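> next come a sequence and a model predicted from it.
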2 protein chains.
Amino acid sequence: MDKARNRLRAALVSVGDELLSGRTVDTNGAWLGRELARLGVPVARRYTVGDAAAEIQEAVAGAAACAELVIVTGGLGPTPDDVTRDAVAALTARPLREDAEVLARIQELFRERGGSGMAAPNRRVAQVPDGATKLANERGTAPGLAMEHGASVVVLLPGVPREMRGIFRGPLTALLEARFEGRLRPVHVRLLHTTGIPESRLAEEVARCLPDGTGPVDMAFLPDLRGVDLRLSASDMTGEEADRRFEAIEKALQGVLEPWRYDAPGGDLAEAVSTALRASQATLAVAESCTGGLIGKRLTDLPGASDVFPGGVIAYSNDVKVRVLGVAGDVLAAEGAVAGPVAARMAREAARRCGAEAGIGVTGVAGPGGGSAVKPVGTVWYAAFLRGRVATRAAWFAGDREAIREQAAQAALFLLLRLLDGRETPDP
Amino acid sequence: MDKARNRLRAALVSVGDELLSGRTVDTNGAWLGRELARLGVPVARRYTVGDAAAEIQEAVAGAAACAELVIVTGGLGPTPDDVTRDAVAALTARPLREDAEVLARIQELFRERGGSGMAAPNRRVAQVPDGATKLANERGTAPGLAMEHGASVVVLLPGVPREMRGIFRGPLTALLEARFEGRLRPVHVRLLHTTGIPESRLAEEVARCLPDGTGPVDMAFLPDLRGVDLRLSASDMTGEEADRRFEAIEKALQGVLEPWRYDAPGGDLAEAVSTALRASQATLAVAESCTGGLIGKRLTDLPGASDVFPGGVIAYSNDVKVRVLGVAGDVLAAEGAVAGPVAARMAREAARRCGAEAGIGVTGVAGPGGGSAVKPVGTVWYAAFLRGRVATRAAWFAGDREAIREQAAQAALFLLLRLLDGRETPDP
């Protein structure tokens, strides 16, 4: 508690039965986490409670005991299950009074919208706890409310994301900058993206390279099906110092990360591949069997994809591999569809038929059926073609159908990226 | 507290610095909220805390004080910031012991994957608190762990959603059914899937058809980019009674829902289309421009896709539309790429070239660039081909690039579904 008080921290309270029942995913918490970190007030804890006054009061009291800034979202609307305003007014012993200014604004809003004017329940929204600061809501009726409670500031915001965000970015940020002047500690962050190396092995190798740890820099491993991100973060220092420390850590890890690393501002390897294609003035065509369109989908998720991606063929069946891509029927008959020569031919033919400099071919057993003793579920052959030369690889990926497909797409994109930047050698 | 004890309730603890900092949105909480409601244990409260033992212990203690079931997700991995297992073992005064069975399974997993075998940090994952029940994890290394703590059961699950879900659906559900036998108050749920009608209009029409409401049945509208699900739910009654009430509501809504409705056990329209294709012994080929592989990806997300989906062409550029699909260059020149005849020709040629009975063609302006006064961002032409006949439609979709692509894929799949079941008429 005392230790917590030394550092400026925030605690969040999300209010709503629909959040507990899972009907709504709480995106406000994550958004506020990011914005508050940027502002310099890390979130220490988050509570999610239902539309019940006692639950809200218990959470707000707990939050105020561990953080100087408490932000409550949701439950400020006009319906009977909106009880946040009353609950917090009671907790902080502030009588509610109808605010003439807020009421006038709501009435005006309803007049502008036409129709039968303001429905009676909306009057509740104009209630303001005694001594609270109103935070103007340009996008809705309920204003935000900020009030002192013990040593903390308690802020109430609407649960509707766009209203909440508007108030946060506008009047609330100004209020926090004034209230916590000189104490905001912005967090500096750098992400290092890897793919193809399991989290546990990466952690082990990183620990080996940094036997003395990372000093004031925090390091976290963020794994998903596509790879592991290494997140470096630091506060209590200038941006220049953070950059200097991040670079020292990157340098220490260079050898370990090099075979697995890619750079992409948005985090997606497809973005790194698109950037590398632009840099080498190449376009890319895909031939996808087990990934079934996933690679094309990812490349075209990015705006401006047409610069580098003309398209390709989804060759899910052998028949389409032969008819549309021109893979030789006798190769398929001799080797089966999941084989190196098939993947190589797919990559080469995709490029040729779509008039592209580069090509990707992927063929594998995504399961759950279709596996055999020789080619079990998870067996994938993939190839990257670039200006006449092709690199072919095999892998065995663990996991279910989704995991295998995601890893296959990622491996094929990464092979092409490394072919483009000269880190990977084509087949002899 | 006493009141809380009367009803069986759950409290959730989500662990992870990345959840507080907003790097990751916590989808586990919402998922568990839905699944637990279905099982008959409503969630009363959720805590989100960082990777710190004291925080985890405080939250677990608070959760156990208000709920008989506590589920903790996250922090069971091999890296040093995974501290959940140790924190809860200390809180419940259960010494940790290396479990030979878990260790053997992890070692076997790593052997199967090949490479240099298990990295040392993974050994931590084999630590089991004394007397805890292990919950097998088919999709990863860390097993779930369940242990009694006071009057509550505390369950630890991995934070990786797919691992968490697998354990929940399998061994954990069995454990909860045994532990809380006779006290579960299952919620009966029926989902009615719609696509193409906005939530506000659907809500209005539904209200008109059910002027007296839905009695003891709860109704919720669940919108996402692909459509709106209508969720009917009821508890405190038998499954038979719930079914009877759901059917009465469905019957009342039949006329309103018919133009927009599809059935799919997994909720995905691609599943409904695959089922309809199987029923009419047809296969489907796609020609995707603005969706860039998204439709193929969705069709092949489903196991057994090869029965109905041979593949198709990602014709993102005009050049590929001409070279690979054989769309006439003069049609493109006269009409532009986003036009009815182009979509129709794409659907027809995809089917012909891939030897399929059915075809889908989609071409549109997904943005953010590429719009014009005549064809603004969001303009999409799409067509469905079936056994010689084609239906062509245009739409203007609102939203960002992702929203437009998702709606375009959905509209094209829905058009084919309705062509297959005779609800839609081909072009004259």
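Here it is on my side, so go on. These numbers were taken from a predicted model, which means no experiment stands behind them.
> quick one: stretch A:22-35 to chain centroid distance?
Relative to its chain's centre, stretch A:22-35 lies at 12 Å (Cα atoms, centre = their mean, to the nearest Å).
> would you put the C-alpha positions of that stretch in CSV?
This file holds the C-alpha atoms of stretch A:22-35, laid out as CSV (Å, rounded to 0.1, in the frame of the first residue of the first chain):
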residue,chain,number,x,y,z
GLY,A,22,-19.6,-12.5,-21.8
ARG,A,23,-22.2,-10.9,-24.1
THR,A,24,-19.8,-8.0,-24.5
VAL,A,25,-16.0,-8.1,-24.6
ASP,A,26,-14.6,-5.2,-22.5
THR,A,27,-12.4,-3.3,-25.0
ASN,A,28,-12.4,-0.2,-22.8
GLY,A,29,-10.0,-1.7,-20.3
ALA,A,30,-7.3,-2.5,-22.9
TRP,A,31,-7.8,0.9,-24.6
LEU,A,32,-7.5,2.8,-21.3
GLY,A,33,-4.4,0.6,-20.4
ARG,A,34,-2.6,1.8,-23.5
GLU,A,35,-3.6,5.4,-23.2
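> so which bits of that stretch are buried?
For stretch A:22-35, a neighbour-count test (16 or more other Cβ atoms under 10 Å in any protein chain shown) marks A:G22, A:R23, A:T24, A:V25, A:D26, A:N28, A:G29, A:A30, A:W31, A:L32, A:G33, A:E35 as buried. C-beta here means a position set from N, CA and C on the backbone, and glycine is covered the same way.
> now do the helices in the stretch 301-428 of chain A.
A:318-323, A:329-335, A:340-354, A:401-420 (DSSP state H, counting those that start in this stretch).
> on that earlier part again, any chance of TSV for the buried residues of stretch A:22-35, columns distance to chain B?
Below are these laid out as TSV (distance: Cβ to the nearest Cβ, whole Å):
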residue	distance to chain B
A:G22	3
A:R23	6
A:T24	7
A:V25	4
A:D26	7
A:N28	10
A:G29	7
A:A30	4
A:W31	6
A:L32	7
A:G33	3
A:E35	8
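> now do stretch A:149-166: distance from first to last residue.
With Cα to Cα, to the nearest Å as the measure, stretch A:149-166 spans 24 Å from end to end.
> quick one: buried residues of that stretch?
A:149, A:152-160, A:163-166.
> JSON lines for the buried residues of stretch A:22-35, including secondary structure and pLDDT?
Below are the buried residues of stretch A:22-35 laid out as JSON lines (DSSP: H, G, I helix; E, B strand; the rest coil; pLDDT from 0 to 100):
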{"residue": "A:G22", "secondary structure": "coil", "pLDDT": "85"}
{"residue": "A:R23", "secondary structure": "coil", "pLDDT": "78"}
{"residue": "A:T24", "secondary structure": "coil", "pLDDT": "81"}
{"residue": "A:V25", "secondary structure": "coil", "pLDDT": "82"}
{"residue": "A:D26", "secondary structure": "coil", "pLDDT": "87"}
{"residue": "A:N28", "secondary structure": "helix", "pLDDT": "94"}
{"residue": "A:G29", "secondary structure": "helix", "pLDDT": "94"}
{"residue": "A:A30", "secondary structure": "helix", "pLDDT": "91"}
{"residue": "A:W31", "secondary structure": "helix", "pLDDT": "93"}
{"residue": "A:L32", "secondary structure": "helix", "pLDDT": "96"}
{"residue": "A:G33", "secondary structure": "helix", "pLDDT": "94"}
{"residue": "A:E35", "secondary structure": "helix", "pLDDT": "92"}
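> want to throw those into TSV with distance to B:F221?
Formatted as TSV, the buried residues of stretch A:22-35 follow (distance: Cβ to Cβ, whole Å):
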residue	distance to B:F221
A:G22	15
A:R23	9
A:T24	11
A:V25	15
A:D26	18
A:N28	20
A:G29	23
A:A30	23
A:W31	23
A:L32	26
A:G33	28
A:E35	29
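> possible to save the buried residues of stretch A:149-166 as a markdown table with pLDDT, distance to B:T291 and secondary structure?
Formatted as a markdown table, the buried residues of stretch A:149-166 follow (pLDDT from 0 to 100; distance: Cβ to Cβ, whole Å; DSSP: H, G, I helix; E, B strand; the rest coil):
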| residue | pLDDT | distance to B:T291 | secondary structure |
| --- | --- | --- | --- |
| A:H149 | 96 | 51 | strand |
| A:S152 | 97 | 49 | strand |
| A:V153 | 98 | 47 | strand |
| A:V154 | 98 | 47 | strand |
| A:V155 | 98 | 42 | strand |
| A:L156 | 98 | 42 | strand |
| A:L157 | 98 | 37 | strand |
| A:P158 | 94 | 35 | coil |
| A:G159 | 92 | 33 | coil |
| A:V160 | 87 | 30 | coil |
| A:E163 | 90 | 33 | helix |
| A:M164 | 96 | 32 | helix |
| A:R165 | 93 | 30 | helix |
| A:G166 | 93 | 33 | helix |
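> let me know the closest of those residues to chain B.
A:R165 (12.6 Å; Cβ to the nearest Cβ).
> what's the closest non-adjacent residue to the closest one?
Of all residues not flanking A:R165 in the chain, A:W31 sits nearest, at 6.8 Å (Cβ to Cβ, 6 or more residues apart in numbering or on different chains).
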